Structure formats: C-alpha cells, structure tokens
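**Q** Whatever this is, show me its structure:
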Amino acid sequence: MYVVKAQEMRELDRQTIEDLGIPSTVLMEVAGRAVAQEVKRRRRGSCKVTVLAGHGNNGGDGLVAARHLAEAGYDTHVWLVGKVERFSDDARRFWEVCQRLSIPTRVFSEDQQEALQRSLDEADVVVDSLLGIGLSGNVRPPMKEVIRMVNRSAVPLVVAADVPSGVNTDNGAVMGEAMRAHCTVTFAFPKWCHYLAPAAELAGDCVVADIGIPQSLAAQYPVASRVTDMAHWAQHVERRPAFSHKGSFGHVLVVGGKGGMSGAPALASRAALKAGAGLVTTAVPRGIQSVVAGYTPETLTLGFGKGSDDRWTADSVMPLVERVNDYDSLAIGPGLGRFHGDVEWLRTLLSAVESPVVLDADALNILAADLRLLDDCQAPVILTPHPGEMARLLQREVPDVERHRPEIARELARETGAVVVLKGRFTITAFPDGRQFVNTTGTPAMAKAGSGDVLTGMIAANIAQGMSLDVAVPLAVSLHGCAGEVAAERDSEFSVLATDIVDHIGTAFSVARSNEPPGFTDTFPGK
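**A** Numbers count the residues shown, from 1 in each chain. Model prediction:
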C-alpha cells in the first residue's frame, strides 16, 4: 500500500478516469458507498444521520453515502454548506438523486444556524464531506463555523470522507479550523496527513477503501512511499535452514555505554540476539564491562581503556579500530555519552569500518557537530534519530521537524547518503534514492527510555543476517512496533518497559510469518 500527496492523488484519479476509462461517477459512487458501509458497521439499528456536504467532489462522496444510508433505513438529512450553482458535475448529479428520492436536503445559510444546531444535537452520526484533499488556504466562513459547531457538539460518531475537513493533506496542519472525527474513510490510498500530527489525531481510526484505482499506478512513481504493516513482511520472515549454526546468522558489535548508562548497550545487544543474530559482542569502557556482562550472559563483551575507566576516551579508538571489521554489522551510540575528543573518535572509527553501521543516541549527537564525519565512511550507514536528534542534525527546531517529517527524513537521507529512520508514532524510513516506508505498528506504551536502543539492536541484527537494507531496516521497525503492541496488550500501555519489548520480539516474528497482524492491514489507528 502506498501513501500519497494531494497532487499525486489527483494525478492517480486522472489516470484512472482518462487512461483506464473508469468514469468519475463510478469512483464517487464506490467511495460514498464505502463511507456508508463504515457508518453501518459502527452504528446499527435506528439511527439519525446528518451529512454535511461541500459543493466539490468530496461533497459528492457524502451525497452518495446519504443515499445508501437512507435506503438502509437510517433517518438521513443532508446539509449543503456551499452553493448549488458551484457543484462539480458529479456532485450535482448525486444532489439531484437525493432530491428525487425525497431525502431531506437543505442549504446552510446564516439564518439556518439554529436549525443545523438542532440537527447536530439530534444526530447519532455526522458524515463530514465538506472539504477534501484540495484545501490550500485557511478554512473560511461559513465552513469554519460549521466545523466548529460539530466539534463543540456531542455527536457520538463523526465519520470523515477521505480526510477530516480543514487539514492540509500533505503536512497534516490545521488550516484555521479542522473537523475532529472518530473515523476517517480514505479512498484508494492513505494520505500523508493520516500519519502526521495533528491531523492524524483528528482523523481517528482510518479505513482505506478500495474504490477501483489500481495500486500499480502508484507503484510507477520512481520514489513511491509505502505504508507497511506486519503482513507486508511475511515473505521476508522465513524458517531457518535445518543445517545452520550460530555463525550462519552474523555477528553484531554494539559500541556504547558509560557509567550510569550501562543498560543501554546491554539492551541493544540483547535485542540483537532476540532478533536472530547468531553472535553479539558489546564493546564498553573497561570500568563497566563486568556490569554489562552480567545483564545478558549470552553476549560477549570487550573492555576498552583502563580498569577504572567508566567512560570512553579519545585514545580508545585505535584498539577499537583494530577489531571493527571482524563483525557483520555495528551499532554505535547506545549509552555512549559525550567525551573529550569524541568527534575525532567517531571520525576515525567511521573511516575504518567496512560493515554496515547503525548510529543512534549520542553517536548522532556527536555527528550533529559535523555531518561531514560521514564523508570518509565507505560502509552503508543507518541513522536512527528521534525528532530532537533530527533537529540537532539539521540545525532546525523540533516543531519544524514534526511538521515536515517526510521531507526532513528524505532531505537527510539524500544529503548524507545514509538510510534515515525518523522515529515517532509513524516511524519513517527514508532511503537516499527518495523511497520511503511509513510504519503503522507501535503504541504510545513504547514511549519509554531504552525503546530506541532495542530498535538499534534489531536493525543491526537484521543486517548481520544478510538482509538487504531496504528489507532489514523497515522490517526491524515494524517488528519493534509489533513487539511493543503485544507487550502493551499483555500488560498495559502504562507499564511497558524496554525489556518487555525485547521479550516479545519472538512473538512479533511469529505474527509476521503468520501473515495475520494483530491490529490492522487496511485499517490503522490515528491516535
């Protein structure tokens, strides 16, 4: 499944209508029916529905939904917030159908506010088909007031058609005022606003409805962005060969740790083992080596520096360089800390490494001092920043990063040649060639210290086992989120620890292999 911007969706519509020959009225009919089906799925029996329609094609979707709901016995009323003379041709056709079927239709005006308020107060369901994906400026009156009226009402169920009215399709911003929906039925492909705050929260649960636009049309874009869930990865999680041994599944080196943060590299190392790596070695300052070794007896440890050193030092880099190419992948940064000479330490290490390397945590903070540290690195690099780390890497503000997540991730990947994993509610994995994967697994329960260290270890493990980067990285992200979901289901969203995520990595693999995701395939939570 692909995620698209507004202009891409318009072009896909055009190709479907003009090149494939599927009439626009057919697309509108199928879209509106999908909205009605979702209403019927969520609200059964005697029910009053208020459909709010604009005069564009999004309004036409709502008018089709109104017809299907009325035919199904729902007490359906339609309010046009716009002008009849400005209807699109298709929307006008379905407006006239509603009138011929004697479905109550009214045109909103200033002197109709009380009547609309009564309709909202009495409604069990509101269908929002006021504004679609084409909104470019702020919402203006009277649309703004109508959206505000719905948001202030106590309607039990608000279902938005395609996108909540008033959000920017491409960046998720609220354009002055935006509808707050319980559910959004989006057509053919999810839009970027369904994965970006604040629109993602306003959309509620999102359902992707197939309206007849082929997925292959989106696949033709050279830098298509894909949405992934656990079912997407089923073909990549295979049973292990019977005649194999620990050396068959790669050796990961985790570099990090300091006094007071010995748990971070231990978490990454244990996660790498649980994700399938055959061998894992943890490189830490010698002063904490025994502590780290005690966390996970299955890992090997290396100590650097003097026996009393509980922090990395600049002169530890050459002994480390002598060993780095004995491993199939590296993970640098968990619990690393900052220290005198750390920039040159990382520069020397990166210039020597030949195996793929994952940079996380303080390795990213060191890199933020000079992105040119990557210039001499010949190995593939994976960067795993959270929004704060991304802001430091690009010298931008965190709100700016959050407003432009897809563009920011793609920009850093292209600039550095690295694979970029921009973590968050819907983690984005961006590749230097422009391709992106948007992950739909995960839960707010994972917002705990150590969760990122677990992901780092999982990515390194997938790479060490010989997976290509375009599978290893986004697969690890999906498995990580699924493991968090399972942990939350078995405990609570308040109580999940990073160690719980590690403990359920195996279950996540089983879910992927069974091709039966626990949450959703064409439905995903917006909150």
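
**Q** Determine the longest helix present in the chain.
**A** Among all segments of the chain classified by DSSP state H, the helix with the greatest residue count is helix 469-490.

**Q** Could you check that helix and say which residues are buried?
**A** Judged by neighbour count using 16 or more other Cβ atoms under 10 Å, the buried positions of helix 469-490 are 469, 472-488. For the C-beta atoms, the positions are set from N, CA and C on the backbone; glycine is no exception.

**Q** Could you point out which residue ranges in the protein have low pLDDT?
**A** Filtered on pLDDT under 70, the chain yields the residue ranges 222-223, 515-527.

**Q** In space, not sequence, find me the middle residue of it.
**A** In the chain, the C-alpha nearest the mean C-alpha coordinate belongs to F426, at 2.1 Å (Cα atoms, centre = their mean).

**Q** related to what we said a few turns ago, and the longest helix of the chain, how far out from the chain's middle?
**A** Put simply, helix 469-490 sits 12 Å off its chain's centre (Cα atoms, centre = their mean, to the nearest Å).

**Q** hmm, who's touching the helix or strand following that helix?
**A** Next in sequence after helix 469-490, counting helices and strands by DSSP states H and E, comes helix 498-503. Contact partners of helix 498-503, identified using Cβ atoms under 8 Å, 6 or more residues apart in numbering, comprise 267, 270-271, 274, 446, 448-451, 453-454, 480, 483-484, 487, 491.

**Q** Buried only: go through the residues you listed for me.
**A** Buried members of those, counted by 16+ other Cβ under 10 Å: 267, 270-271, 274, 446, 448, 450-451, 453-454, 480, 483-484, 487.

**Q** Can you flag which of those residues belong to helices?
**A** Members of those lying in helices (criterion: DSSP H): L267, R270, A271, K274, S451, D453, V454, H480, A483, G484, A487.

**Q** which one of the residues you listed is nearest A72?
**A** Closest approach between those and A72, by Cβ to Cβ: G484, at 38.9 Å.

**Q** what sits against the closest one?
**A** T441, G442, T443, A445, M446, S451, V496, I501, H504.

**Q** ok, now which ones touch the residue nearest to the centre of the chain?
**A** When the contact criterion is Cβ under 8 Å, 6+ apart, the partners of F426 are Y195, L196, A200, V438, N439, T440, G442.

**Q** Tell me the spacing between the closest residue to the fourth one other than its chain neighbours and V292.
**A** Just to be clear, that refers to V438. Nearest non-adjacent residue to V438, counting by Cβ to Cβ, 6 or more residues apart in numbering: V227, 4.9 Å away. Distance of V227 to V292, given as Cβ to Cβ, to the nearest Å: 38 Å.

**Q** neighbour count winner among the two?
**A** V292 (26 against 21; other Cβ atoms under 10 Å).

**Q** Do I have it right that that one meets V280?
**A** No: taking Cβ atoms under 8 Å as the contact criterion, V292 and V280 are not neighbours in contact, 11.5 Å apart.

**Q** Would you map the helices across the stretch 351-500 of the chain?
**A** In the stretch 351-500 of the chain, the helices defined using DSSP state H, counting those that start in this stretch lie at 362-367, 387-394, 398-403, 405-416, 451-464, 469-490, 498-503.

**Q** Nearest to Q113, out of those helices?
**A** Evaluated over the helices of the stretch 351-500 of the chain, closeness to Q113 peaks at helix 398-403, with 33.5 Å, by Cβ to Cβ.

**Q** hmm, back to that, looking at this, the residue nearest to V438 is in a helix?
**A** No: note on V227: no helix contains this position according to DSSP: H, G, I helix; E, B strand; the rest coil, which reports strand.

**Q** thinking again about what came up before, could I get the helices of the stretch 351-500 of the chain as CSV with distance to D326?
**A** Output for the helices of the stretch 351-500 of the chain, formatted as CSV (distance: least, Cβ to Cβ, whole Å):
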stretch, distance to D326
helix 362-367, 20
helix 387-394, 29
helix 398-403, 36
helix 405-416, 26
helix 451-464, 12
helix 469-490, 20
helix 498-503, 25
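
**Q** hmm, back to that, gap between the residue nearest to V438 and M1?
**A** Here V227 is placed at a distance of 5 Å from M1 (Cβ to Cβ).

**Q** repeat for C482
**A** Going from C482 to M1 by Cβ to Cβ gives 17 Å.

**Q** Also W95?
**A** When Cβ to Cβ is applied, the distance between W95 and M1 equals 32 Å.

**Q** More neighbours: these two, which one.
**A** Each of W95 and M1 has its neighbours counted (other Cβ under 10 Å); W95 has more, 22 against 19.

**Q** in what helix or strand does that one lie?
**A** Of the helices and strands defined by DSSP H and E, W95 is found in helix 89-100.

**Q** Touching that helix from outside, list them.
**A** Among residues not part of helix 89-100, those counted as contacts by Cβ under 8 Å, 6+ apart are 24-25, 28, 32, 53, 55-57, 59-60, 63-64, 66-67, 70, 78, 80, 84, 87, 105.

**Q** mind listing which of those are in strands?
**A** Members of those lying in strands (criterion: DSSP state E): A53, V78, L80, T105.

**Q** Highest neighbour count among those?
**A** Once you tally neighbours by other Cβ under 10 Å, A53 ends up highest among the ones in strands among the contacts of helix 89-100, having 31 neighbours.

**Q** How about the contacts made by that one?
**A** 59-60, 62-63, 66, 78-82, 91, 95, 129-130.

**Q** so what's it closest to, chain neighbours aside?
**A** Closest residue in space to A53, ignoring its immediate chain neighbours: G59 at 3.7 Å, by Cβ to Cβ, 6+ apart.

**Q** Are there residues contacting both of V227 and M1? Which ones?
**A** Common neighbours of V227 and M1, using Cβ under 8 Å, 6+ apart, are P190.
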